[in-house]
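# mind looking at a prediction? Sequence and model below.
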Amino acid sequence: MPIPTDSITGLLLAGGRGMRMGGVDKGLQTLRGEPLALHVLRRLAPQTGALLISANRNAQRYAALGAPFNAKVIADTLPDFPGPLAGLLAGLRAARTGLVLSAPCDTPGLPEDLAARLADALDAARADIATVATVNAQHEVSMHPVFALMRTSLADDLAAFLGAGERKVRAWYARHTTVEVTFADERAFYNVNSLQELADFERK
């Protein structure tokens, strides 16, 4: 039986420093006249119940973007932008569902069946975390660990992991039963890392 949409909280990760974009707030940079984060929210919203936006800057602007989706803005509880795991922890703590689906704010083409496919794999494997891999035409595998469906019961373990000074997403996943789901379209997970990449993406 499929996992119902309303049992999943969507988590948009927009709390980074945007260092490769010169320190600008990545999710607020525009693509086709609209913020990147808004493109991602539109893709994420139909796949989940409640929505959260993890943002450490410009909370009011993100609140305005999230308002049509009834999304709540949350911030890291840890100082100094310690990375995506801090955003995940904030999302796991704030969620009122048993599952959280995370996606970064700079991936406007994320698949419309992301939640369904990850949920099916999580359920079938009785796993704690389901994450994404892609295979390109040369049969090269790429991992996309920030796209993940995970159980909110992992929050305390993640807090302990971060409290020990650890920051690597895949190292934390390795502590738990994790299943990887392969998607054929690598372009759907393309993330925009620089203003030049954003301009190139828009031209294409």
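In hand now; what should we look at?

# do a quick rundown of the helices in the chain.
Taking DSSP state H as the criterion, the chain contains helices spanning 36-44, 59-66, 84-94, 114-125, 155-163, 169-173, 195-203.

# can you redo those helices as a markdown table with mean neighbour count, mean pLDDT and distance to S142?
Bear in mind the C-beta positions are built from the backbone N, C-alpha and C, glycine included. Below are the helices of the chain laid out as a markdown table (neighbours: other CB atoms under 10 Å; pLDDT from 0 to 100; distance: least, CB to CB, whole Å):
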| stretch | mean neighbour count | mean pLDDT | distance to S142 |
| --- | --- | --- | --- |
| helix 36-44 | 22 | 95 | 19 |
| helix 59-66 | 18 | 96 | 28 |
| helix 84-94 | 23 | 96 | 17 |
| helix 114-125 | 19 | 97 | 16 |
| helix 155-163 | 15 | 96 | 24 |
| helix 169-173 | 16 | 96 | 13 |
| helix 195-203 | 13 | 62 | 16 |
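
# now do the contacts for I74.
Residues touching I74, when contacts are defined by CB atoms under 8 Å, 6 or more residues apart in numbering, comprise L52, I53, S54, A55, A90, G91, A94.

# so which pair among these is furthest apart in space?
Taking CB to CB as the measure, the contacts of I74 span a maximum distance of 12.4 Å, between A55 and A94.

# L13 and A125: what is the separation?
Shown here: L13 relative to A125, a distance of 24 Å by CB to CB, to the nearest Å.

# go on, T177?
The separation that T177 has from A125, given CB to CB, amounts to 7 Å.

# pull the longest strand from this protein.
For the chain, the strand reaching the highest residue count under DSSP state E is reported as strand 141-151.

# determine the set of other helices and strands touching it.
Packed against strand 141-151 by the contact rule (3 or more CB pairs under 8 Å, 6 or more residues apart in numbering; DSSP states H and E) you find helix 84-94, strand 99-104, helix 114-125, strand 129-135, helix 169-173.
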